[in-house]
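> One predicted model, sequence on top.
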2 protein chains.
Amino acid sequence: MARSAGGEAAPQQAAPGQKAPRKPRADAARNRERVLEAAKAVFSAGGPEASLEAVARTAGVGIGTLYRHFPTREALFEAVYRREVDQLGDLAEQLKDDAAPVEALRRWLRANVELVATKKGMIAALALATTGSSDLYAHTFDRLTKAIGLLLGRAVAAGEIRADVSAEDILRTLVGMCYLHEQPGWQASVVRLVDIFVDGLCRPALTR
Amino acid sequence: MARSAGGEAAPQQAAPGQKAPRKPRADAARNRERVLEAAKAVFSAGGPEASLEAVARTAGVGIGTLYRHFPTREALFEAVYRREVDQLGDLAEQLKDDAAPVEALRRWLRANVELVATKKGMIAALALATTGSSDLYAHTFDRLTKAIGLLLGRAVAAGEIRADVSAEDILRTLVGMCYLHEQPGWQASVVRLVDIFVDGLCRPALTR
DNA sequence: GATTATATGGAGGATCCCTCCGTTTTGCAA
DNA sequence: TTGCAAAACGGAGGGATCCTCCATATAATC
C-alpha cells in the first residue's frame, strides 16, 4: 500500500530497535508531490476515468513512477482527497487567527462550496474513493468536524452564535446543500443558503 | 430468458406530413431490453467500470449492437437508472391499492433502502450518471417526489399522519440517511431511522 | 416471394492498464 | 571527493477494453 512517505520535513525518527533506515530520497518526495498535483488537475478536468498515463505525462514522470507511488487508481484518488481535506483543515486553523469568529466560519463554509464547484470532475471520483475505503471516510468526517468545531466553538464562546448546534449538524447541512450540485445555478443558491444559515446561527434559539 | 415481447402497444402514429415510417423492428426492442437487463446485473456486481463487452456478452448480443442502442457508457447508465426509478414509481402505484396507508409508505421507503443496498455497485455509477445529465436528475426527483406524494397524501387524508410534511422533505431525509452507505451496518441503522421517522410522522406536530 | 430499410455481430486500430527490469540517481561512508 | 549499493526512475510490451465500420442477416412491407 501507499506508504506515507513523509512529505513534510522528514521527522527523522530513529527506529530504536533494529536497523537505521536510510533517509528517504528527495526525488521520491518531489515526484510524489508532482503526481498528486497533476492528478488533481487531470481528474478535475477529465473526471475520474481520466487516463493515468495522462497524469504521469502531466506530472513529467514515467508511468512506472506513478504506479510505484500509487499502486491503484483508488490509492491515487484517496491521496488527492486526503490532501484536499487536510487543506480545508489547515484553512480553518488559519482562519481561526485571522478573522472575526462569525466571519471566519462563513468564509470556511464558502471555501467548501467553492471546492465542490471547481473540482466538479473530482467529486465523482471522490464518491468512488469514499465508497471504497471507510477509514478515509472516517478521517474526512473527523477532520472536517474538528475544523468546524474550531470555528464554531470560538464564535459560540464569543456569544455571537447560538449554542445549540453541533459541528456535525453543520457538516451535514453543508453536505446536504451541496448534494444538488447538478442543476444549473446551484452554486449561487448554495452560497445564499449558507449565508442565510449563518445568519440564522447568529439569532438565539426561537421559543419552542 | 424469454422476455415478454411487446412492452407497450406501439402507438403507431402516422406522421401526417411526409413519409410513413416503418414499424420498428421486433429484434431491436428485444435486444435493447436484454442489454438493459444485463447491464443492471453486470454493473451491480462489478461497479461502474465493468467492461461493456462483458455486458454485451451477458446479454448474448454483439458489441456493435450494444453501442448502437447506447452510444456511450453514460447513455447506458442513464437508461438503467431511469428504469430503476420508474419501477419505484410503479411500486408506489401498486402499494397505493394494496396496503394500509402508513404501511404502504413504510414499505416503499424500505424498498428504497433495499435498492441502495443490493445495487451497491450501481450507486457509484448512478452518481456518475446524475452528474452528467441534469434532466435525468429532474426526472428522478419528479418521479420519486410524486411517488411519495401519492402515498403520503393518502395517509394524511386518512388522518394517520401529520399534515405539515412535504414529499420533498421526505425524499431529502431519505437521501440524506442513505448518504452514509459506506460504513458497516449502515443498512440496519437506516431502516431503523426510517421506521422511527415514520413513527414520528404518525404523531401530531408538537407544540411550537 | 421480392424488396429494402433496418439491425446485427465482430474484426481491428487506437488507447489504456499495469508489470517488469535495465538504467540512473541519491544518500552515506570512507 | 570518491565509490558503492539501496532506492527510484522510465518506458517497453503483453493483455484488455474501447468504439468504429461495414459486410451480412433479418424483419417489415409490397
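Looks like it came in fine.

> okay, now the closest residue to A:Gln187 other than its chain neighbours: neighbour count?
Leaving aside its chain neighbours, A:Gln187 sits nearest to A:Ala117 (5.0 Å; criterion: Cβ to Cβ, 6 or more residues apart in numbering or on different chains). Where you see a C-beta, it was placed from the backbone N, CA and C, and this is true even at glycine. Residues contacting A:Ala117 under the criterion other Cβ atoms under 10 Å in any protein chain shown number 15.

> roughly how far apart are the residue nearest the centre of chain A and A:Leu171?
The centroid of chain A falls nearest to A:Val85 when counting by Cα atoms, centre = their mean (1.6 Å). Between A:Val85 and A:Leu171 the distance, using Cβ to Cβ, to the nearest Å, works out to 12 Å.

> Outline the domain layout of chain A.
A:25-71, A:78-202 (automatic domain parsing).

> Once you drop chain neighbours, what's closest to A:Asp98?
The shortest distance from A:Asp98 to any non-neighbouring residue, by Cβ to Cβ, 6+ apart, is to A:Ala104 (7.0 Å).

> Relative to A:Glu37, how far out is that neighbour?
Using Cβ to Cβ, A:Ala104 is found at 28 Å from A:Glu37.

> just A:Leu152 next, same as before
32 Å.

> Who has more neighbours out of these two?
Each of A:Leu152 and A:Glu37 has its neighbours counted (other Cβ under 10 Å); A:Leu152 has more, 25 against 15.

> I'd say the more buried one and A:Ala104 touch.
No - applying Cβ atoms under 8 Å, one finds A:Leu152 not in contact with A:Ala104, separated by 9.8 Å.

> So the residue in chain A that DNA strand D sits nearest to, which state does it fall into?
Residue nearest to DNA strand D within chain A: A:Gly64 (1.8 Å; Cβ to the nearest atom of the strand). Assigned with DSSP: H, G, I helix; E, B strand; the rest coil, A:Gly64 falls in the helix class.

> per-residue pLDDT, it?
Here, the pLDDT recorded for A:Gly64 equals 94.

> Number of residues surrounding it?
If you count neighbours by other Cβ under 10 Å, A:Gly64 ends up with 9.

> Which residues of chain A lie near DNA strand C?
Counting by Cβ under 7 Å from any atom of the strand, the positions of chain A adjacent to DNA strand C are A:20, A:22-23, A:25-27, A:51-54, A:63-64, A:67-68, A:71-73.

> Going through those residues, which ones are buried?
Neighbour counting by 16 or more other Cβ atoms under 10 Å in any protein chain shown classes A:52, A:54, A:73 among the residues of chain A next to DNA strand C as buried.

> List the contacts of the first one.
It stands for A:Leu52. Contacts for A:Leu52 (Cβ atoms under 8 Å, 6 or more residues apart in numbering or on different chains) come out as A:63, A:66-67, A:73, A:76.

> follow-up on the earlier one: show me what contacts the residue nearest to the centre of chain A?
Neighbouring residues of A:Val85 by Cβ under 8 Å, 6+ apart: A:139-140, A:143-144.

> where exactly do the helices run in chain A?
When secondary structure is read from DSSP state H, chain A shows helices at A:26-46, A:52-59, A:63-69, A:73-98, A:101-118, A:120-132, A:134-157, A:167-178, A:186-202.

> okay if I get these as a markdown table plus distance to B:Val42?
Output for the helices of chain A, formatted as a markdown table (distance: least, Cβ to Cβ, whole Å):
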| stretch | distance to B:Val42 |
| --- | --- |
| helix A:26-46 | 24 |
| helix A:52-59 | 23 |
| helix A:63-69 | 27 |
| helix A:73-98 | 19 |
| helix A:101-118 | 30 |
| helix A:120-132 | 17 |
| helix A:134-157 | 25 |
| helix A:167-178 | 30 |
| helix A:186-202 | 32 |
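
> Would you single out the least confident of these?
Among those, helix A:120-132 has the lowest mean pLDDT, at a mean of 62.

> and A:Val61, what is it in contact with?
A:31, A:34-35, A:38.

> And it, how close does it get to A:Pro48?
Distance of A:Val61 to A:Pro48, computed by Cβ to Cβ: 20 Å.

> burial of A:Ala147, as a residue count?
Neighbours around A:Ala147, by other Cβ under 10 Å: 24.

> How about A:Ala75?
A:Ala75 has 17 nearby residues by other Cβ under 10 Å.

> what about it, distance to A:Tyr67?
Counting by Cβ to Cβ - A:Ala75 and A:Tyr67 are separated by 10 Å.

> Ok, A:Val198 next?
For A:Val198 relative to A:Tyr67 (Cβ to Cβ), the value is 44 Å.

> Kindly report the same for A:Val85.
With Cβ to Cβ as the criterion, A:Val85 and A:Tyr67 are 24 Å apart.

> Equivalent analysis for A:Glu160, please.
Applying Cβ to Cβ to A:Glu160 and A:Tyr67 gives a distance of 50 Å.

> same check, this time on A:Lys146
Taken as Cβ to Cβ, the span from A:Lys146 to A:Tyr67 is 33 Å.

> again, but for A:Thr140
As judged by Cβ to Cβ, A:Thr140 and A:Tyr67 stand 25 Å apart.

> same thing with A:Arg25?
To A:Tyr67, A:Arg25 is 17 Å away according to Cβ to Cβ.

> again, but for A:Val42
To A:Tyr67, A:Val42 is 15 Å away according to Cβ to Cβ.

> same deal with A:Leu152?
42 Å.

> do the same with A:Lys23
Separation of A:Lys23 from A:Tyr67 (Cβ to Cβ) stands at 24 Å.

> again with A:Gln94
35 Å.

> Likewise for A:Asp164?
With Cβ to Cβ as the criterion, A:Asp164 and A:Tyr67 are 50 Å apart.

> Then A:Ala26?
Using Cβ to Cβ, A:Ala26 is found at 20 Å from A:Tyr67.

> same deal with A:Leu91?
31 Å.

> thinking again about what came up before, from the contacts of A:Val85, which single one is nearest A:Trp108?
Taking Cβ to Cβ as the measure, A:Trp108 lies nearest A:Leu144 of the contacts of A:Val85, at 9.8 Å.
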